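In: the following comprises the amino acid sequence and a computationally predicted model.
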Amino acid sequence: MENKNIRVAQLSCEYTSNPLGINNLKPLFSWSIHHSERNQKQSAYQIIVASSLENAKKNIGDMWDSKEVNTDQSTVKYQGKLLESKKTYYWIVRVWDKDRNMSPYSEISSFEVGLLYPEDWQGLWIGKPGKGSPLFRKEFKIDKEIKRARVYVSGLGYCEIRLNGEKVGDRVLDPGWTDYDEVVLYSTYDVTSLLRKGSNAVGVMLGNGRFCPPDEVVNKNPYKLKKYHNYPIFILEIYIEFDDDSLVSIISDSNWKTKDGPIIFNDIYDGEIYDARLEEEGWDVALYDDSAWEFAQEVVSPQGKMKSQATFPFIKVDKILPPKELTSPTPGTYIYDFGQNFSGWVRLKVSGPRGTQVKLRYSELLNEDRSLNTNPNQGAEATDIYILKGQGEEIYEPRFTYHGFRYVEVTGFPGIPSLETLEGCFVHSEVKSTGSLFTSCSLVNKIHENIRWGQLSNLMSIPTDCPQRDERMGWLGDAQLVSEETIYNFQMIGFFKKWLVDIKKSQKEDGSVPDLVPPYWDFYPADPAWGTACISIPWDLYLYYGDREILEENYSMMERWVEFLHSQSKDGILELGKYGDWCPPWHIISVETPISLVSTWFYYRDTLLQSKIAKILGNVEDHDRFLKRAEEIKISFNKKFLGDKNFYGWTEDWYRTYLPSNASIGDKEITSKRLHRYLRSQTANILALYSEIVPDDKRKTIWRELIDDIVVVHGNHLNTGIIGTKYILDVLTENGEVDLAFKLVTQATYPSWGYMIREGATTLWERWESLAEEGMNSQNHIMLGTVDAWFYKYLVGIQVDPHFPGWRKIIIKPYPVKDLNFASASLETFRGLISSAWRKDVNSFFLQVSIPANSQAEVQLPKMGWKNIVIEEGGENIWQKGTLVSQKEGIDYAKENEDRIIIQIGSGDYQFKLKEE
Ligand code: RAM
């Protein structure tokens, strides 16, 4: 008998709902369970996969019927008959709860397979030599009723597809960036409703992207860009199934016609020039006379393997932002302020004489006189030009570029523009938002908001460092530092899985990876704090999504990376490194923290992590080997960086010999007093404390040294670069100084996040300083955004239990700091919604928690310094005089330690109130 109180929902295939065009013969299914009762678990599941909707409706698993499988696992790999290219499959699932009650079947979900094998590609790669952005077109007739139709397409660098005058889909800057010598991504679209009986036309517009940037852009770039081809190219197939089951494919080949289009220049950094006078009215609809167009040329296929991006979040215009303010610093120059730094472009509305040129320049900052300050753009022109055709109201937005900006300057506008003239388009990879966070401190909320804007601005099919200057690279360091923050805020698995393939492909024979992936600049080998991404990101994905396969798939990459570090080390110390604790206050390269200290710490941590991963995968030999090595590195680390001092870091002699060789420090005549200050590195002590490598007899001393450095030497300020900043708050919190951590976060004096906000930041900066001159001063960098993970993990206190990854077990451990009255957060996970909210008043502490069915949690209630604690749950006493006094459903057991009362709970909603008796 079906029990209607149990519902299976959120069906995903390869972490995506109803994906179109997957490239996997054994896709992963997952679901969440809603149950009206507390403390519920899945005891079994049954999945049915059908080759037709009819079969799925009748619960017939002609592809796969798993039958009843006894397990609490809610992520399962397909084990049915061989899946075929281009086919759609339908699936349902039902579960049994812990009391053997059976749920009804879920609603029907589907997944469709893409082009699995190279020979499935019938189309040819074609292009048109020349500059600009060419148009391609083809007409075809349909004389039967269409059952379903798909477009499979890839256009490098970018392509926009049009069918019968309409844009296909809502993707922009598509497909995603890769190293095109290794992987080429393609898109699948359902175009059934765009085709019709009779004459049809397909049109394609191409842009350069990272595939064929203009030569002048390649050459002026500081490290010269990788260029794959001289002009853009594409491959396409329109696949049509008719009602009578016959099939037809329209493919790209040299019968297509082509002509230069209205985009006469396009580059992601420099912008776009669009001459509307060159528009070809009706070029993308049928019965257009293209006799004057040339034939397209067949070209050699790119080297990379075709891969579907069905489960990879594509780039989209996410939001339209109205400008906040319009000023005119000089006659004819208009400055729009959007009040927010973001990635994308603007949409222009204009009417005027034919040939008028409207110029749009983008910047993150203004000068004092309110003119544009383009310094942070460095070599990027960040300029779009629209040339009017002179026919009524014209609306333009660029297609093949993007900018990072808050301000836009308009010149050449015919007449006087208004606030309605421009709209901002916020463009980024469309990762689903999964986390939300809110506290009683508006500054915390604002930092969180800035980080979300900054993070999204830096997800442009790869994790970028910044959206504004001529860089926008997939720096491994930036991404690995914030990967937890991204995972709390957004659904990142599809995004990162793709990037891990990019990293894997970039690995060299010797095991090294580059600092940035895809390697558009040749930066090998990576600084260890950057390269660590190839092990720490798979680890984070395993932890937060519970996907063991990610560890398996990437094991050899990680192992080769760890072996590479080992091959570069001498006596357990790694000198290799370039950036270290990058961008601390006042500097780019840290003067306080030796690069080799940071590198060796990552060498240690990666080796240790590798041993842990080996153990999880059952590889005892590797586990032992790497563990032993990690122990040796630890000894060397302490010997070299601690020695007989009372702090980690430089020795005076060593520092003095190092100094002359490091140009960015400059000051050779450094006085002993200043030197002493330099010798103290918060980051060095933090890293040692974080990974518990400090010898027991030195622990207290190191801790005191760190606190003294923060509180006394720096007057309650951090003095850390991006590496130390990631760990400082965790270390302080774990060691009983959460209020100090909170102070570092929320104060408004330099250096701090509060300072950035006081100075008007709407995203986070690259540097702690407020800089407006030329140089490295992006206003929209994400690498200091690690603090957001601390908000979720510590302030609100939602943590994953590493022994039960993927939120099978959740730890709720809030830290009610003095200056906060409440904090709350929720996370949409693949197991369902997790939420936690605490509030306190003088006598009571309240905690409200939701745990999804089939998960459990350990709630660690803070004792608040009170004695004789009573805890109520849902108004009923459950804890008194140091013991559990009730057997309420879902409350498993409770115990206490010095600071907390720890309660094990099952799924469901709970309301705890803690007070003094
Ligand atoms: C700069 C950026 C980037 C960083 C590299 C090392 O280009 O700050 O974020 O990762 O340097």
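Out: Everything's here; your move.
In: which strands and helices sit next to whichever strand or helix holds Tyr603?
Out: Following DSSP states H and E, one finds Tyr603 within helix 595-616. Judged by 3 or more CB pairs under 8 Å, 6 or more residues apart in numbering; DSSP states H and E, the packing partners of helix 595-616 are helix 528-531, helix 533-545, helix 548-568, helix 620-637, helix 682-690. For glycine as for every other residue, the C-beta is placed from the backbone atoms N, C-alpha and C.
In: the ones you listed into JSON lines, with extra columns for distance to the ligand?
Out: Putting these into JSON lines (distance: least, CB to the nearest ligand atom, whole Å) gives the following:
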{"stretch": "helix 528-531", "distance to the ligand": "7"}
{"stretch": "helix 533-545", "distance to the ligand": "11"}
{"stretch": "helix 548-568", "distance to the ligand": "18"}
{"stretch": "helix 620-637", "distance to the ligand": "23"}
{"stretch": "helix 682-690", "distance to the ligand": "16"}
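In: want to try JSON lines for those, with mean pLDDT as columns?
Out: JSON lines is the format used below for the helices and strands packed on helix 595-616 (pLDDT from 0 to 100):
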{"stretch": "helix 528-531", "mean pLDDT": "98"}
{"stretch": "helix 533-545", "mean pLDDT": "98"}
{"stretch": "helix 548-568", "mean pLDDT": "98"}
{"stretch": "helix 620-637", "mean pLDDT": "98"}
{"stretch": "helix 682-690", "mean pLDDT": "98"}
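In: of all these, which one comes closest to Ser154?
Out: Ser154 lies closest, by CB to CB, to one member of the helices and strands packed on helix 595-616: helix 548-568, at 23.5 Å.
In: buried ones in that closest one?
Out: 550-551, 554-555, 557-566, 568 (16 or more other CB atoms under 10 Å).
In: the helices and strands packed on helix 595-616 into TSV, with extra columns for distance to Tyr89?
Out: Putting these into TSV (distance: least, CB to CB, whole Å) gives the following:
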stretch	distance to Tyr89
helix 528-531	39
helix 533-545	23
helix 548-568	20
helix 620-637	38
helix 682-690	47
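In: can you classify Lys640 by secondary structure?
Out: helix (DSSP: H, G, I helix; E, B strand; the rest coil).
In: please name the bridge partners of the closest residue to it other than its chain neighbours.
Out: Ranked by CB to CB, 6 or more residues apart in numbering and with sequence neighbours excluded, the top spatial neighbour of Lys640 is Ile573, at 5.5 Å. Beta-bridge pairing for Ile573 (DSSP bridges): Lys570.
In: my read: Ile573 touches Pro594, true?
Out: No. Assessed by CB atoms under 8 Å, Ile573 is found out of contact with Pro594, at 10.3 Å.
In: of all the helices and strands packed on helix 595-616, which one is nearest Ser12?
Out: Per CB to CB, nearest to Ser12 of those: helix 533-545, 11.0 Å.
In: angle of the closest one against helix 595-616?
Out: 50 degrees (axes from the mean of the first three to the mean of the last three CA atoms, to 10 degrees).
In: next, the contact list for whatever residue of the stretch 551-700 of the chain ends up closest to the ligand, please.
Out: Residue of the stretch 551-700 of the chain nearest the ligand, by CB to the nearest ligand atom: Tyr579 (4.8 Å). Tyr579 is in contact with Gly477, Asp527, Ala529, Trp530, Ile589, Ile595, counting by CB atoms under 8 Å, 6 or more residues apart in numbering.
In: quick one: secondary structure of it?
Out: Under three-state DSSP, Tyr579 comes out as coil.
In: can you get me a residue count around Gly127?
Out: 24 (other CB atoms under 10 Å).
In: quick check: it vs the ligand, distance?
Out: 33 Å (CB to the nearest ligand atom, to the nearest Å).
In: over to Ala748?
Out: 24 Å.
In: where does pLDDT dip in the stretch 601-750 of the chain?
Out: Scanning the stretch 601-750 of the chain for pLDDT under 70 picks out the ranges 656, 658-678.
In: around the ligand, pick out the residues from the chain.
Out: Within the chain, the positions lying close to the ligand (CB under 6 Å from any ligand atom) are Asp465, Glu471, Trp475, Gly477, Asp478, Tyr579, Trp582, Glu766, His781, Met783.
In: please identify which helix or strand holds the closest residue to Phe564 other than its chain neighbours.
Out: Nearest residue to Phe564, sequence neighbours excluded (CB to CB, 6+ apart): Gly511, at 3.2 Å. Under the criterion DSSP H and E, no helix or strand holds Gly511.
In: these two touch, right, His34 and Ile6?
Out: Yes. Look at His34 against Ile6 with CB under 8 Å: they come within range, at 7.3 Å.
In: neighbour-wise, which of the two wins?
Out: Legend: neighbour count by other CB under 10 Å for His34 and Ile6, higher for Ile6 (22 against 17).
In: quick one, helices of the stretch 51-200 of the chain?
Out: For the stretch 51-200 of the chain, the helices defined by DSSP state H, counting those that start in this stretch cover 53-57.
In: residue in it nearest to the ligand?
Out: Counting by CB to the nearest ligand atom, the stretch 51-200 of the chain gets nearest the ligand through Trp177, at 16.9 Å.
In: check the gap between Ser433 and Ile395 for me.
Out: 29 Å (CB to CB, to the nearest Å).
In: check Pro302 too.
Out: 34 Å.
In: neighbour count for the two, which is higher?
Out: Ranked by neighbour count (other CB under 10 Å), Pro302 and Ile395 place Pro302 first, with 21 against 11.
In: hmm, the more buried one is touching Tyr228, no?
Out: Yes. Using CB under 8 Å, Pro302 is in contact with Tyr228, at 6.8 Å.
In: common neighbours of these two, please.
Out: Taking CB under 8 Å, 6+ apart as the criterion, Pro302 and Tyr228 both touch Leu156, Tyr180, Asp181.
In: what's the PyMOL syntax to select whichever of these are buried?
Out: Filtering the shared contacts of Pro302 and Tyr228 down to the buried ones (16+ other CB under 10 Å) takes a single PyMOL command:
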select buried, resi 156+180
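In: sorry, back to before: go through the buried residues of helix 548-568 and say which is closest to Gln911.
Out: Nearest member of those to Gln911, counting by CB to CB, is Ile550, at 36.2 Å.
In: mind listing what that closest one touches?
Out: Ile550 neighbours (CB under 8 Å, 6+ apart): Lys497, Leu500, Pro538, Leu541, Tyr542.
In: good, wrapping up.
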